[in-house]
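Engineer: Sequence isn't available, so here's the structure alone:
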């Protein structure tokens with residue numbers, strides 16, 4: 001199992017933008033976050049002896065933690081844990097899966113088990129863990 005934390009403001013994968021010329025590109029903030037996730041994964045992998053990229057079925061856990069809104073009172077902070085507003089959780093997971101292609105696994109189609117959640121917390125970022133299914 002490999003686990004690592006990416007200190008960032010979690011966001012969903014932005015759709016590719018199409019120029020008038022017909023060419024498409026991925027927005028810079030999406031590319032930057034994918035690169036940061038990949039870099040943090042490589043750092044975590046250098047401390048592990050697991051053979052990567054994984055070749056078989058894979059499990060993935062993603063915990064996206066967001067800062068509490070400034071308007072939240074102390075009582076709201078104590079009673080509210082689940083984030084139910086944008087970004088969509090599936091788009092956030094898609095960004096993580098795409099960022100780990102070629103690093104953790106050959107293709108994100110290998111992810112056969114997925115556990116993910118979107119919560120409020122004191123430390124904003126993505127807690128990512130993955131491993132090989134047996």
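Structural biologist: Thanks, I have it. What you see is a predicted model; the values in this text were computed from it and never measured. Residues are numbered from 1 along each chain as shown.
Engineer: which residue is nearest the middle of this structure?
Structural biologist: Relative to the mean C-alpha position of the chain, the nearest C-alpha, by Cα atoms, centre = their mean, is the one of residue 96, at 3.4 Å.
Engineer: Test my guess that residue 5 contacts residue 127.
Structural biologist: Yes: under the criterion of Cβ atoms under 8 Å, residue 5 makes contact with residue 127 at 5.3 Å. The way it works is simple: take the backbone N, C-alpha and C, and place the C-beta from them, glycine included.
Engineer: sorry, back to before: isn't there a helix covering the residue nearest to the centre of the chain?
Structural biologist: Yes: assessed with DSSP: H, G, I helix; E, B strand; the rest coil, residue 96 lies in a helix.
Engineer: what about it, distance to residue 116?
Structural biologist: Per Cβ to Cβ, to the nearest Å, residue 96 is found 9 Å from residue 116.
Engineer: Quick check: neighbours shared by those two?
Structural biologist: Common contacts of residue 96 and residue 116, defined by Cβ atoms under 8 Å, 6 or more residues apart in numbering, comprise 60, 62.
Engineer: and the longest helix along the chain, what does it pack onto?
Structural biologist: With DSSP state H setting the assignment, residue counts place helix 28-45 as the longest helix in the chain. Helix 28-45 sits against strand 2-6, helix 89-100, strand 125-132, with contacts defined as 3 or more Cβ pairs under 8 Å, 6 or more residues apart in numbering; DSSP states H and E.
Engineer: Contact partners for the residue nearest to the centre of the chain?
Structural biologist: Residues near residue 96 by Cβ under 8 Å, 6+ apart: 37, 60, 62, 126, 128.
Engineer: can you rerun that using 7 Å?
Structural biologist: Counting by Cβ atoms under 7 Å, 6 or more residues apart in numbering, residue 96 touches 37, 62, 126, 128.
Engineer: Can you name the two of those residues that sit furthest apart?
Structural biologist: 37 and 62 (10.1 Å; Cβ to Cβ).
Engineer: Common neighbours of those two, please.
Structural biologist: Going by Cβ under 7 Å, 6+ apart, residues that sit against residue 37 and also against residue 62 are 96, 126.
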